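*Asks:* Need coordinates for the below:
(one chain, ligands or ions: 1)
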Amino acid sequence: MPPIELKPDVYWIGVNDRTTDLFEGLWPITQEGVSYNAYLINDEKKAIVDLAKALKTDEFFEQIDHVMDIGQLDYIIVNHMEPDHSGILSTLRRMAPHTTILGTEKTRKMLETFYGITEGVQVVQDGETLSLGQHTLKFVYTPFVHWPETMMTYETSAQILFSCDAFGSYGALRGSIFDDACTVPAFYEQEALRYYVNIVAVFSKPVLQAIEKLAGVPVSIIAPSHGLVWRKNPQRIVELYQKWAEYATGPTEVGITMLYGSMYGNTEKMMNAVAQGISQEGVPLTIFDVNHTHVSYILPSLWTQRGVVVGAPTYEGSLFPPMAQVLDMAAQKRVRHKKVARFGSYGWSGGAQRHFERLIEPLKWELTDSFEFTGSPSENDLKRGEELGVQFSRLVKSSD
Ligand code: FEO
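*Replies:* Residues are numbered from 1 along each chain as shown. Sure, this is the predicted structure:
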């Protein structure tokens, strides 16, 4: 895409990535893609804020060429060192060797360990300003949104907040980069949630601290390093991030995530009986087959809904491994404080329940009901499952 003007002399020069399958080597984006948003300010002094992954480098540099001679670049502002934003840095530095790289003290150290860069680096302090001529930049430390070195950059005259990972989403950009021209806002909000839970949620407390720190700052445009640029309603994405961050410790939504995995269909039969019970109570229910769904797509539901039902059989004396992997990742992502019920089939001696209870200990999930059955569920077993669904739904509705 050609450079796109956000405000006079402020340009988006990002890269759309539709070829990477796994973001961070972990999270599927084959269908959705992702953008690495970088920004160029063409003033008396010239600065680039945020960079991109080392991908489509010709495209990246051609966008700069549209606006200015790259040899005239004065500053590279590194809000965040993760290589989806810094990967192109070494190449850019070779093309513009006299630029000064600006970042936090932690960024300075990472520049050396990631890229061997020690020269031409200047540490900026929290709240420090830099005049480029008509534009003045202010640097705001926001550690651990996402890494410890992270900061944001605020352009004071046009009130643009370059927020880096904060307020970002998966989803390559579809022509327009702005929220007001977006024809699929629900897609980007859904992908913002998936991105939040996959990447940022562990750092929910620093996210809330950053939002609080910026509360009095007038912002006309939020320009994150992934996804849409928010200029019609920048508050919208801030409110969403705030809500999701508060879910880390506070009340979540009335709803149930049912995770199931089945080897030969017996646990699946029970899953349907439990779902019938839940539907009788009118509680929103999302069902995931853990054998066929990447955990990336499961985590948003786990994060936002207050109830979890786990249906999984015994496998070699333990919980069905695909389910154990989902619960492991939920623990890694600190999906805490849920009400949970479990059911599952076993062939002879069981063992899944013991393993399950061990797995949910670090999650601090409250186990409210569980039962197991041998082989295929009987009519009575299915009635028991339906009743579990009814009772668990009532509990979820009455809890916070
Ligand atoms: Fe988009 Fe933490 O990098």
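
*Asks:* Get me the contact residues on this protein for the ligand.
*Replies:* Residues of the chain found near the ligand (C-beta under 6 Å from any ligand atom) are 80, 82, 84, 85, 146, 165, 225, 226. In short, each C-beta sits where N, CA and C put it, glycine included.

*Asks:* Quick check: which element contains the fourth one?
*Replies:* With the criterion set as DSSP states H and E, the secondary-structure element containing residue 85 is helix 83-86.

*Asks:* List of residues touching that helix?
*Replies:* Contacts to helix 83-86, defined as C-beta atoms under 8 Å, 6 or more residues apart in numbering, come from residues 23-24, 34, 36, 38, 50-54, 78-80, 114-115, 164, 225.

*Asks:* Buried subset of these as a PyMOL selection?
*Replies:* Buried subset of the contacts of helix 83-86, written as a PyMOL selection, criterion 16 or more other C-beta atoms under 10 Å:
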select buried, resi 23+34+36+38+50+51+52+53+54+78+79+80+114+115+164+225
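
*Asks:* Tell me which of the contacts of helix 83-86 fall in strands.
*Replies:* Among those, the ones falling in strands (DSSP state E) are 23, 34, 36, 164.

*Asks:* Tell me who's in contact with the spatially closest residue to residue 207 that is not a sequence neighbour.
*Replies:* In this structure, residue 207 finds its nearest non-sequential neighbour in residue 245, 4.3 Å apart by C-beta to C-beta, 6 or more residues apart in numbering. Taking C-beta under 8 Å, 6+ apart, we find residue 245 in contact with 201, 204, 205, 207, 208, 211.

*Asks:* Helix, strand, or coil at residue 245?
*Replies:* Secondary structure state of residue 245, per DSSP: H, G, I helix; E, B strand; the rest coil, is helix.

*Asks:* Next one: it from residue 27, what distance?
*Replies:* Counting by C-beta to C-beta, to the nearest Å, the separation of residue 245 from residue 27 is 19 Å.

*Asks:* Just give the number of residues close to residue 288.
*Replies:* Neighbours of residue 288 under the rule other C-beta atoms under 10 Å: 19.

*Asks:* What does the pLDDT read for it?
*Replies:* At residue 288, the model reports a pLDDT of 98.

*Asks:* Checking my notes, it in a strand, right?
*Replies:* Yes: remark: residue 288 belongs to a strand, assigned using three-state DSSP.

*Asks:* ok, it - contacts?
*Replies:* Residue 288 makes contacts with 257, 258, 259, 260, 297, 298, 301, as judged by C-beta under 8 Å, 6+ apart.

*Asks:* who are the neighbours in contact with the fourth one?
*Replies:* Residues near residue 260 by C-beta under 8 Å, 6+ apart: 267, 268, 271, 287, 288, 289, 290, 310, 311, 312.

*Asks:* any idea which of those residues is closest to residue 65?
*Replies:* Within the contacts of residue 260, distances to residue 65 taken as C-beta to C-beta reach their minimum at residue 288, with 46.5 Å.

*Asks:* Same list, the residues of the chain next to the ligand, but as CSV with pLDDT please.
*Replies:* Formatted as CSV, the residues of the chain next to the ligand follow (pLDDT from 0 to 100):
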residue, pLDDT
80, 98
82, 98
84, 97
85, 97
146, 94
165, 97
225, 98
226, 98
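
*Asks:* Just the C-alpha atoms of stretch 65-78, please, in PDB.
*Replies:* C-alpha atoms of stretch 65-78 as PDB (Å, rounded to 0.1, in the frame of the first residue of the first chain):
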ATOM      1  CA  ASP A  65      10.700   7.100  -0.800                       C
ATOM      2  CA  HIS A  66       7.200   8.500  -1.700                       C
ATOM      3  CA  VAL A  67       7.600  11.100   1.000                       C
ATOM      4  CA  MET A  68      11.300  11.800   1.500                       C
ATOM      5  CA  ASP A  69      14.800  10.700   0.900                       C
ATOM      6  CA  ILE A  70      15.600   8.000   3.400                       C
ATOM      7  CA  GLY A  71      19.100   9.400   3.900                       C
ATOM      8  CA  GLN A  72      17.500  12.500   5.500                       C
ATOM      9  CA  LEU A  73      16.000  10.500   8.300                       C
ATOM     10  CA  ASP A  74      16.900  11.900  11.700                       C
ATOM     11  CA  TYR A  75      15.200   9.700  14.200                       C
ATOM     12  CA  ILE A  76      14.000   6.100  14.600                       C
ATOM     13  CA  ILE A  77      11.700   5.900  17.600                       C
ATOM     14  CA  VAL A  78      11.500   2.400  19.000                       C
END
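
*Asks:* which parts of it are buried?
*Replies:* Going by neighbour count (16+ other C-beta under 10 Å), the buried part of stretch 65-78 is 67, 73, 74, 75, 76, 77, 78.

*Asks:* Restricted to strands, list those residues.
*Replies:* Members of the buried residues of stretch 65-78 lying in strands (criterion: DSSP E): 75, 76, 77.

*Asks:* now residue 122: how far from the ligand?
*Replies:* 22 Å (C-beta to the nearest ligand atom, to the nearest Å).

*Asks:* List the residues that contact that residue.
*Replies:* Contacts of residue 122 (C-beta under 8 Å, 6+ apart): 100, 101, 102.

*Asks:* List phi and psi for residue 337.
*Replies:* Backbone torsions of residue 337, given as degrees, to the nearest 10, read phi 60, psi 60.

*Asks:* Next one: it from the ligand, what distance?
*Replies:* 26 Å.

*Asks:* Equivalent analysis for residue 154, please.
*Replies:* 19 Å.

*Asks:* Next one: that residue, what pLDDT does it get?
*Replies:* 98.
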